[in-house]
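Colleague: Sequence plus the predicted model coming up.
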Amino acid sequence: MASHTRRRLLKGAAVAAAGSVVGSGLGPGFFSAVAQASSSDGGSGAVGATPFLEGAFAPVTEELTAFDLEVTGRIPRDLDGRYLRNGPNALGLEDVRAHHWMLGDGMVHGVRLRGGRAEWYRNRWVRSSQVTAKLGETCPGQVPPDDFACNTHVIPYKGRILALQEGGPLPYELDGELGTVRPYDFRSTLQGAFTAHTKYDTAADELHAIAYYPTWDHVRHIMIDRTGRVARTTRVAVADAPMMHDFALTGKYVVIVDVPITFDAAAAEAGAKVPYVWNDEHPMRIGLLPRAGGTTRWFEIPPVYYSHTLNAYDQGDTVVVEYTGFPAPFYAAGRGAGGPSATGAPTLDRWTIDLRAGRVRSSRLDDRPQEFPRINESLVSRRHRYAYTASAAEMWRAYETVDGVPPDEKFTNCLIKQDVLRGSGQVHRFPADAAAGEPVFVPRRGARDEDDGYVLSYMNAPDRGATDLVILSAQDFGGHPLARIHLPGRVPLGFHGSWIPDA
């Protein structure tokens, strides 16, 4: 891919999309060229006044390894595994104008817990061909056609650790010490794009994905069965090549959310970093694709930006989807701040899809600013009671900052536990400058209740200029942390992570 410039590549993608050229593969390497452009020559080398490269977002510049970490409190002895989180961390950024937060090279941060001790902390860039070239290393494995240092999620799957990205790149497999092993294609069965947000049904032992790509006239539902191979790929026709960051899964349906953020061929041809725009002409709708096979049924709804799925489930003649969403319009490419821009803060909402009446009812579960919703993962696709979200003031200010004008000071730093059955919640508050990331629930060994376990989150510790891994009791959510593990460096505000238990 070294021969492709970003402009040339995206121009090719635009021409292909405009001509409705659709194939089974990916064609040109969209992410490869974007990654190359993000570290292109010609910049001043100075970081500009952009919120996504400063403060809690500022990229770290080196990989660290530390052992026997200092702990305040006590780590529960039944936490035996690794807490990992992925996020963009630009490496060798020379031209700020060519950078967008969502296109930063992926870096995974991890803490190994065992026997009541924090054995180690590591942070490692995902070794794509671009990253290894910058580091002067050899690329692990054969370079895939659309290579990128996956920066969005990291999940466990059948004894493997996978770093994920949407819109094209294959996952990268990592080892237990966060070294990059190779691109992973599910035993040579995955062709084409994948997703950053898989859904794993524990009862069926199935991994599900919805994949999109700018030159496709459809999206793909991919089901990976208990053998770890792609067992079924279903193409669902959609117009305008929309960006589908997340989807939902119930016992009966794959829930496809067709948002009005679509591929813009003209923007791609002009060299836009993220050629996806809010499209008022593209109707927003929800599609229900039967898991057993059949035709997708569509329901048109008022536009919002569907950001992240909390969970979904079947309930009689309805399908319930809970999610975090931003008000319309939402600008994925941003409006000059170096990252996405929003016209308001995200909230926790619900759609109830009435299958008999053919209608969708929208309701608000919580109007406080919050994102990165998680549940007890054993309940994916089944009814849940508890939810966990994060609110980071610096993130909301960055999203709503345009031309250096921040929103008001209403935002705070906290984690939120929701009881969606009773409509109540608890808050664990952090200091003013202590931005907290996504909360991940880990069940206690032998747990019998849905919320019997722990909530883990990275929290910025400005007094140390570093980050703490905070461990809360999910059933005493507002109480003092069970433990704060003091890391030797910062974990920038980023995206998603997982608890990787030992076998």
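Modeller: On my side now, so go ahead. Worth saying up front: this structure is predicted, and the values here are computed from it rather than measured. Residues are numbered from 1 along each chain as shown.
Colleague: On the three-state scheme, the closest residue to R160 other than its chain neighbours is what?
Modeller: Excluding the flanking residues, the one nearest R160 by C-beta to C-beta, 6 or more residues apart in numbering is E173, at 5.4 Å. C-beta here means a position set from N, CA and C on the backbone, and glycine is covered the same way. Using DSSP: H, G, I helix; E, B strand; the rest coil, the structure places E173 in strand.
Colleague: Verify the contact between E173 and Y184 for me.
Modeller: Yes - counting by C-beta atoms under 8 Å, E173 touches Y184, with 4.3 Å between them.
Colleague: what sits in contact with each of those two?
Modeller: Residues within reach of E173 and of Y184 at once, by C-beta atoms under 8 Å, 6 or more residues apart in numbering, are 160, 162.
Colleague: Show the contacting residues for the residue nearest to R160.
Modeller: Counting by C-beta under 8 Å, 6+ apart, E173 touches 160-163, 180-184.
Colleague: Return the set of residues that bridge with it.
Modeller: For E173, the beta-bridge partners under DSSP bridges are L162, R182.
Colleague: What score does it have for pLDDT?
Modeller: E173 is assigned 98 on the pLDDT scale.
Colleague: what does S39 give?
Modeller: pLDDT for S39: 44.
Colleague: now do V143
Modeller: 91.
Colleague: And for it, nearest residue in space, chain neighbours not counted?
Modeller: S129 (4.6 Å).
Colleague: what are the phi and psi angles of that neighbour?
Modeller: phi -60, psi -30 (degrees, to the nearest 10).
Colleague: Wait, it touches C139, no?
Modeller: Yes - using C-beta under 8 Å, S129 is in contact with C139, at 4.6 Å.
Colleague: Specify the beta-bridge partners of the nearest residue to T343 once chain neighbours are set aside.
Modeller: Once flanking residues are discounted, T343 sits nearest to P327: 5.5 Å by C-beta to C-beta, 6+ apart. Assessed by DSSP bridges, P327 has beta-bridge partners V304.
Colleague: same deal with E206?
Modeller: Beta-bridge pairing for E206 (DSSP bridges): D201.
Colleague: Can you give me every residue that contacts it?
Modeller: E206 sits next to 200, 223-226 when contact means C-beta under 8 Å, 6+ apart.
Colleague: repeat that with 7 Å
Modeller: Applying C-beta atoms under 7 Å, 6 or more residues apart in numbering to E206 gives the contacts 223-225.
Colleague: Just the buried ones out of those, please.
Modeller: Buried positions within these, assessed by neighbour count (16 or more other C-beta atoms under 10 Å), are 223-224.
Colleague: which one of the contacts of E206 is nearest G339?
Modeller: Nearest to G339, judged by C-beta to C-beta, of those is I224 at 31.4 Å.
Colleague: what about the residue nearest to F411 when sequence neighbours are not counted, neighbour count?
Modeller: Once flanking residues are discounted, F411 sits nearest to A393: 3.8 Å by C-beta to C-beta, 6+ apart. Look at A393: counted by other C-beta atoms under 10 Å, it has 21 neighbours.
Colleague: Spell out which residues sit in contact with A393, please.
Modeller: By C-beta under 7 Å, 6+ apart, the neighbours of A393 are 411-413, 435.
Colleague: Now with 10 Å, please.
Modeller: Neighbouring residues of A393 by C-beta atoms under 10 Å, 6 or more residues apart in numbering: 56, 369, 409-414, 430, 432-436.
Colleague: same deal with I155?
Modeller: Contact analysis of I155 by C-beta under 10 Å, 6+ apart lists 84, 86, 161-164, 171, 196-198, 200, 207, 377, 496-498, 500.
Colleague: before we move on, the earlier item: out of the contacts of E206, which sit inside helices?
Modeller: Within these, no residue falls in helices by DSSP state H.
Colleague: Strands - which of the contacts of E206 land there?
Modeller: Under the assignment DSSP state E, the contacts of E206 contribute 223-224 to strands.
Colleague: Closest one of the contacts of E206 to R117?
Modeller: R117 has its nearest neighbour among those in I224, at 34.8 Å by C-beta to C-beta.
Colleague: Give me the spatial nearest neighbour of that closest one, chain neighbours excluded.
Modeller: Counting by C-beta to C-beta, 6+ apart, L207 is the residue found nearest to I224 once chain neighbours are left out, at 4.2 Å.
Colleague: ok, the one you found touching T227?
Modeller: No - judged on C-beta atoms under 10 Å, L207 makes no contact with T227 at a distance of 11.0 Å.
Colleague: partners of the host helix or strand of Q426, with directions?
Modeller: Using DSSP states H and E, Q426 falls within strand 424-429. Here strand 424-429 has these sheet partners by DSSP bridges: strand 414-419 (antiparallel).
Colleague: With neighbour numbers in mind, choose between L207 and T227.
Modeller: Taking neighbours as other C-beta under 10 Å, L207 and T227 compare with L207 leading, 22 against 12.
Colleague: Could I get the contacting residues of that one?
Modeller: Residues in contact with L207 (C-beta under 10 Å, 6+ apart) are 155, 157-158, 162, 186, 198-201, 222-226, 228, 230-231.
Colleague: okay, now K134: neighbour count?
Modeller: K134 sits with 16 neighbouring residues when counted by other C-beta under 10 Å.
Colleague: quick check, it in a helix?
Modeller: Yes - assessed with three-state DSSP, K134 lies in a helix.
Colleague: Once you drop chain neighbours, what's closest to it?
Modeller: G92 (4.7 Å).
Colleague: is it true that L469 lies in a strand?
Modeller: Yes - assessed with three-state DSSP, L469 lies in a strand.
Colleague: does V442 really touch Y454, like I thought?
Modeller: Yes - look at V442 against Y454 with C-beta under 10 Å: they come within range, at 4.8 Å.
Colleague: neighbours around the closest residue to A337 other than its chain neighbours, how many?
Modeller: Leaving aside its sequence neighbours, A337 sits nearest to T401 (C-beta to C-beta, 6+ apart; 5.4 Å). For T401, the neighbour count with other C-beta under 10 Å is 22.
Colleague: Could you measure from the residue nearest to Y213 when sequence neighbours are not counted over to L469?
Modeller: Nearest non-adjacent residue to Y213, counting by C-beta to C-beta, 6+ apart: A193, 4.5 Å away. Distance from A193 to L469, counting by C-beta to C-beta, to the nearest Å: 32 Å.
Colleague: on that earlier part again, tell me the contacts of the residue nearest to T343?
Modeller: 303-305, 342-347.
Colleague: G110 versus the most centrally placed residue in the chain, what's the distance?
Modeller: When C-alpha atoms, centre = their mean is applied to the chain, the residue found nearest the centroid is T152 (4.4 Å). Distance, T152 to G110, by C-beta to C-beta: 16 Å.
Colleague: now swap in T233 and tell me
Modeller: According to C-beta to C-beta, T233 and G110 sit 32 Å apart.
Colleague: cool, and Y399?
Modeller: According to C-beta to C-beta, Y399 stands 27 Å off from G110.
Colleague: hang on, the earlier thing: residues contacting the residue nearest to Y213?
Modeller: 25-26, 30, 146, 165-170, 209-214, 216, 219-220, 222.
Colleague: L421 against H384, yeah?
Modeller: Yes - contact criterion C-beta under 10 Å: L421 and H384 qualify, at 8.9 Å.
Colleague: for the stretch 101-250 of the chain, what are the low-confidence residue spans?
Modeller: Filtered on pLDDT under 70, the stretch 101-250 of the chain yields no residues whatsoever.
Colleague: can you give me the helices in it?
Modeller: 129-135 (DSSP state H, counting those that start in this stretch).
Colleague: Report the buried members of the contacts of I155.
Modeller: Neighbour counting with 16+ other C-beta under 10 Å marks 84, 86, 161-164, 171, 196-198, 200, 207, 377, 496-498, 500 as buried within the contacts of I155.
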